[in-house]
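Peer 1: predicted structure and sequence below. I'll ask about it afterward.
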There are 6 protein chains.
Amino acid sequence: MDNIVEEFNAYRSKMNEKMLEDNNKIIKRIFNLDTNAFTEGVLSKKTKELLGLGNSLVLRCDDCVRYHLEECYKLGVTKEEAVEAMSISLLIGGTIVIPHLRRAFEYWEALENN
Amino acid sequence: MDNIVEEFNAYRSKMNEKMLEDNNKIIKRIFNLDTNAFTEGVLSKKTKELLGLGNSLVLRCDDCVRYHLEECYKLGVTKEEAVEAMSISLLIGGTIVIPHLRRAFEYWEALENN
Amino acid sequence: MDNIVEEFNAYRSKMNEKMLEDNNKIIKRIFNLDTNAFTEGVLSKKTKELLGLGNSLVLRCDDCVRYHLEECYKLGVTKEEAVEAMSISLLIGGTIVIPHLRRAFEYWEALENN
Amino acid sequence: MDNIVEEFNAYRSKMNEKMLEDNNKIIKRIFNLDTNAFTEGVLSKKTKELLGLGNSLVLRCDDCVRYHLEECYKLGVTKEEAVEAMSISLLIGGTIVIPHLRRAFEYWEALENN
Amino acid sequence: MDNIVEEFNAYRSKMNEKMLEDNNKIIKRIFNLDTNAFTEGVLSKKTKELLGLGNSLVLRCDDCVRYHLEECYKLGVTKEEAVEAMSISLLIGGTIVIPHLRRAFEYWEALENN
Amino acid sequence: MDNIVEEFNAYRSKMNEKMLEDNNKIIKRIFNLDTNAFTEGVLSKKTKELLGLGNSLVLRCDDCVRYHLEECYKLGVTKEEAVEAMSISLLIGGTIVIPHLRRAFEYWEALENN
């Protein structure tokens, strides 16, 4: 198995750079907001990352799920907590969420083994 | 203004009853799971309800948003916390979330005035 | 309670007419296709209407659900059959389907009482 | 028939004000961006509003469709142009777009009669 | 060309196992329901699998489409029947369904050649 | 890096052919409509392709985005114009659009280098 964590992050960084070089104001500001939205507020960073994870999963965005799984992992969220959050998304979003859940479990394992 | 909280809950209860009377096993079990998923676990009830709220908002389901707003309200979630959770959904889900956010603010106000 | 069946159909007919008067070729042809797609083929009309119902429900389109519920009803689909089809959509589409299922049950009851 | 244009705008303004009073930074900035994104750029304001209309229609957001229809109308977009843009969204988004198209035609008529 | 049928099923089985080992109650029960929902009822297994296929296609879930295509194939659904069901999903879901339809045709061919 | 432009077009052509050989009337007609919808009308071909691009991006359909990017490119749309259209889709569709935007930038670069 390839290192999916490193591959994902390398591609993500490379393309984010290209997008930001492009100097489109809307894109730049949304990237800025994206950083701001997940800082400590009345909700903790951890709760916010779990929200990012849950929202990404019901919207079935694999790359977004990976990103927030990784942020959760770095913040010390346990697997059981991440899975509990994702199980709520599975119930709300239905069985079409399952293929994305498979890939989320695979990515979490890759994070643990990285 | 009509009492949108009471109206919503009355319709919801009446129709849930009719659906459950119908004895379809899949529907019944999903209703059961729905109750189970939001009980205290490794994540608190409050975090789970915020997840339910955030997921419902990105999926643009007004009735689901109302339901989870009300559960949050009953658990003592502050308006600032609910809004912070919803602002993450706005960023992730984009400006098409705005009309649903308007109705969410209206419902929260109705909860406070009820 | 108002007669939701008649109201729905009156609005639908009135607006369809206005759209078709407009002579946009794409709109006209898609309306034509819509009639064609649900005629008897290698699948029966009944199976096709159940497919239309199920697809509409997972896509959470209340008006589309109403339309296909009514076509199913006219073809003699039983409530138990319609509910079984809809329960599959509930499982696949998740609990955000529930508010639409409530309105579907209400519409079916209105069809029976009409 | 009620004046759906005035009703829509009154509710929209009232609730936007309440949301902005709330001082959530993410919400405020997204509202700001929303104003910025539709100003003249390398694409004309008119093309941008048609894009806003088309995107809103495939995402099946009635309030967003109304908003962009109104902006198009104010910029002198003809009905034929708006319908052509919307017919592309119908083709791309499928027949589940039809109920939203009905309401779009109704709103355009209301704009003309306002 | 690799054997996409075997690859898909191997990954699916491996990851389903890992998810179920994890002992999250919500995930386990939804997997159970998923098995139950497609058994013979007032609707035949075949009709139910066609519903699963159609729903998966409008929701643009490639892995779900593959799964239900394979179940249809095993039940003796003909290609013409499967395509008729999918053509309804194409009409309802619009041309964004086309890329998923391409992959569905490819998978069906792989099932026939397996 | 492989030639993603040629790969995409080869797969697309091969599978389109197989779908059309199949003689399903609904599929054939929708393919026909798809060609018709993007011809010069009251809106220019260029505006229509930008609409196709924007709609595809908010619906997060990578293959549709690629197709319309390529049509835009052939019509002489500049990168700045394409990015401006896509930035509107990013705002309307939210940050879940970002992964698709990354791949759109990559494809545009491949078109330029092809």
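Peer 2: In hand now; what should we look at?

Peer 1: show me which residues of chain A are close to chain B?
Peer 2: A:30, A:33-34, A:37-38, A:41-43, A:47-48, A:50-52, A:54-56, A:58-59, A:64, A:78, A:80-81, A:84-85, A:87-89, A:91-93 (Cβ under 8 Å from any Cβ of the partner chain). Placement of C-beta: from N, CA and C, glycine included.

Peer 1: write a ChimeraX command that selects only the buried members of the residues you listed.
Peer 2: Filtering these down to the buried ones (16 or more other Cβ atoms under 10 Å in any protein chain shown) takes a single ChimeraX command:
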select /A:30,33,34,37,38,41,43,47,48,50,51,52,54,55,56,58,59,64,81,84,85,87,88,89,91,92,93
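
Peer 1: which strand or helix spans A:Glu71?
Peer 2: According to DSSP states H and E, A:Glu71 maps onto helix A:62-74.

Peer 1: say whether chain F is contacted by stretch A:38-57.
Peer 2: Yes. Interface with chain F: stretch A:38-57 contributes A:Ser56 (Cβ under 8 Å from any Cβ).

Peer 1: how close does A:Arg103 sit to C:Asp63?
Peer 2: As for A:Arg103, its distance to C:Asp63 is 34 Å (criterion: Cβ to Cβ, to the nearest Å).

Peer 1: same question, A:Asn16
Peer 2: 40 Å.

Peer 1: distance of the most far-flung residue of chain A relative to its centre from chain E?
Peer 2: Within chain A, A:Asn23 marks the point farthest from the mean C-alpha position, 24.8 Å out by Cα atoms, centre = their mean. Distance from A:Asn23 to chain E, counting by Cβ to the nearest Cβ, to the nearest Å: 30 Å.

Peer 1: which SSE is that residue in?
Peer 2: With DSSP H and E as the test, A:Asn23 turns up in no helix or strand.

Peer 1: what does chain A have sitting close to chain D?
Peer 2: Contact residues, chain A versus chain D (Cβ under 8 Å from any Cβ): A:25-26, A:29-30, A:33, A:36-37.

Peer 1: export those to CSV and append columns for secondary structure and pLDDT.
Peer 2: Below are the residues of chain A next to chain D laid out as CSV (DSSP: H, G, I helix; E, B strand; the rest coil; pLDDT from 0 to 100):
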residue, secondary structure, pLDDT
A:Lys25, helix, 96
A:Ile26, helix, 97
A:Arg29, helix, 97
A:Ile30, helix, 97
A:Leu33, helix, 97
A:Asn36, helix, 94
A:Ala37, helix, 97
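
Peer 1: among those, which two are most distant?
Peer 2: A:Lys25 and A:Ala37 (18.3 Å; Cβ to Cβ).

Peer 1: who's in contact with the residue positioned nearest the centre of chain A?
Peer 2: Centroid check for chain A by Cα atoms, centre = their mean gives A:His68 as the closest residue, at 2.2 Å. With contact set as Cβ atoms under 8 Å, 6 or more residues apart in numbering or on different chains, A:His68 has these partners: A:49, A:52-53, A:56.

Peer 1: now the residue farthest from the centre of chain A: phi and psi?
Peer 2: phi 60, psi 20 (degrees, to the nearest 10).

Peer 1: give me the pLDDT for it.
Peer 2: pLDDT, A:Asn23: 91.

Peer 1: who touches it in this structure?
Peer 2: A:Asn23 neighbours (Cβ under 8 Å, 6+ apart): none.

Peer 1: against chain B, how distant is it?
Peer 2: When A:Asn23 is compared with chain B (using Cβ to the nearest Cβ), they lie 21 Å apart.

Peer 1: then A:Ile27?
Peer 2: In terms of Cβ to the nearest Cβ, A:Ile27 sits 13 Å off from chain B.

Peer 1: following the chain onward from the helix or strand in which that residue is found, which element is next?
Peer 2: Here A:Ile27, judged by DSSP H and E, is contained in helix A:25-37. Moving toward the C-terminus from helix A:25-37, the next helix or strand (DSSP H and E) is helix A:45-58.

Peer 1: quick check: residues of chain A near chain C?
Peer 2: A:58, A:90-97.

Peer 1: ok, residues contacting the helix or strand hosting A:Trp108?
Peer 2: If you go by DSSP H and E, A:Trp108 is part of helix A:98-113. The contact list for helix A:98-113 (Cβ under 8 Å, 6+ apart) reads A:1, A:3-5, A:8, A:57, A:60, A:62, A:65-66, A:69-70, A:73, A:79, A:82, A:86, A:90, E:11-12, E:15-16, E:18-19, E:22, E:27, E:30, E:34, E:61-64.

Peer 1: run the last query once more with 6 Å
Peer 2: Outside of helix A:98-113, the residues within contact range by Cβ atoms under 6 Å, 6 or more residues apart in numbering or on different chains are A:4-5, A:60, A:62, A:65-66, A:69, A:73, E:15, E:18-19, E:63.

Peer 1: now the angle between helix E:25-37 and it, please.
Peer 2: On the basis of axes from the mean of the first three to the mean of the last three Cα atoms, to 10 degrees, helix A:98-113 is oriented at 150 degrees to helix E:25-37.

Peer 1: and the following helix or strand past the helix holding A:Glu71, what other elements does it pack with?
Peer 2: Counting by DSSP H and E, the next helix or strand C-terminal to helix A:62-74 is helix A:79-93. Contact partners of helix A:79-93 among helices and strands, from 3 or more Cβ pairs under 6 Å, 6 or more residues apart in numbering or on different chains; DSSP states H and E: helix A:45-58, helix B:25-37, helix B:45-58, helix E:25-37.
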